[in-house]
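*Asks:* Fold the following and give me the result.
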Amino acid sequence: MNEIYEADGIVRVVLSGTPTRRLELGEADVDAASFAVLQKAARWVYVEGPDAELRHTLLTNELAREWRDGEPFALGLSCRLPVALESAGLAYRAYVQQGSKDTIKSLSDLRKTLAEEMGKVTQQTRDLTSGLWRDVAVAIVTIAFRYSMDATKVVTAKPVYAVIFVLAAAHIVISQWVTVRSNRAFLKVASDSRTLWRQKGYAYLSDDEFDVLAETPLSQARAIYNRVEATTNWVAGIVAVGLVASAGWEIGVWQVLYRRLMELSC
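*Replies:* Okay, here's the model as predicted:
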């Protein structure tokens, strides 16, 4: 029952269902068979598994469905309870099965989302390295073109080559900075989004389970990206410094510094 109350000196009970039944409590002699049925129902609702409130709701709903006349609750319970209990058990198993399907679908969506994020991190890593090698190729082509020129033509063009070297170094630095900044911004957005859908869509997973399914693989992918980013930053910096040094050599900066050092040493 869902409610018991007294009205006009008569004790009544309420069975919430479709439709809701308001019945007299009545009196009845409880024999061994009736007591066994009551024990079985109580055991199913409160002992055999979780969701006691849901089990109780299903059972009272089935009792209300079975109760088609105004027979007092105490008199009609023993004959209607077994059928209602069986129907409630079927309804609960259907609920559990549907919940399992939803859980499986949710985990499948999580794996799909994880695969997409892993793919994006991997693609960012590839873009970072390919962009660096493109910039390195620009530097190599610039230097190779410079030293392939006829020496007689190079003398007058040295300031021009110095400017070209500086521009190439600036291009490499700016290109690397923009790529790294955009990648970090994307990774931050992805991390914030992951925190949100972890709280909204996967709250049923414990922290350890979510770490195993999502956080650990993504952290490993992010660690690989961080190592690649650090390496490409070093390479881009070395290439840019080399180009600036070459520009200084073209306009005679290093030669002047060398002569000054020699004069000081003497």
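*Asks:* And the helices in this structure?
*Replies:* 32-46, 52-66, 73-148, 151-201, 207-210, 216-250, 253-265 (DSSP state H).
*Asks:* Can you point out the buried residues in stretch 169-184?
*Replies:* Across stretch 169-184, burial judged by 16 or more other Cβ atoms under 10 Å covers 169, 171-173, 175-176, 179-180, 183. C-beta: built from backbone N, CA, C; applies to glycine.
*Asks:* and which of these is nearest Thr20?
*Replies:* Compare each of the buried residues of stretch 169-184 with Thr20 using Cβ to Cβ and the shortest gap goes to Asn183, at 60.4 Å.
*Asks:* Isn't that closest one up against Asn226?
*Replies:* No. The pair Asn183 / Asn226 is not scored as a contact, 10.4 Å apart, by Cβ atoms under 8 Å.
*Asks:* I'd like the buried residues of stretch 169-184 as CSV, with pLDDT and distance to Asp31 appended.
*Replies:* Listed next are those as CSV, based on pLDDT from 0 to 100; distance: Cβ to Cβ, whole Å:
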residue, pLDDT, distance to Asp31
Ala169, 88, 98
His171, 87, 95
Ile172, 88, 93
Val173, 89, 92
Ser175, 87, 89
Gln176, 87, 87
Thr179, 86, 83
Val180, 88, 81
Asn183, 85, 77
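*Asks:* what sits against Asp8?
*Replies:* By Cβ atoms under 8 Å, 6 or more residues apart in numbering, Asp8 lies in contact with nothing.
*Asks:* pLDDT at it, what is it?
*Replies:* If you check Asp8, the pLDDT there is 76.
*Asks:* can you pull the contacts of the most centrally placed residue in the chain?
*Replies:* Taking Cα atoms, centre = their mean, the centroid of the chain lies closest to Arg194, which sits 3.7 Å from it. Contact analysis of Arg194 by Cβ under 8 Å, 6+ apart lists 117, 214, 218.
*Asks:* All set, thanks.
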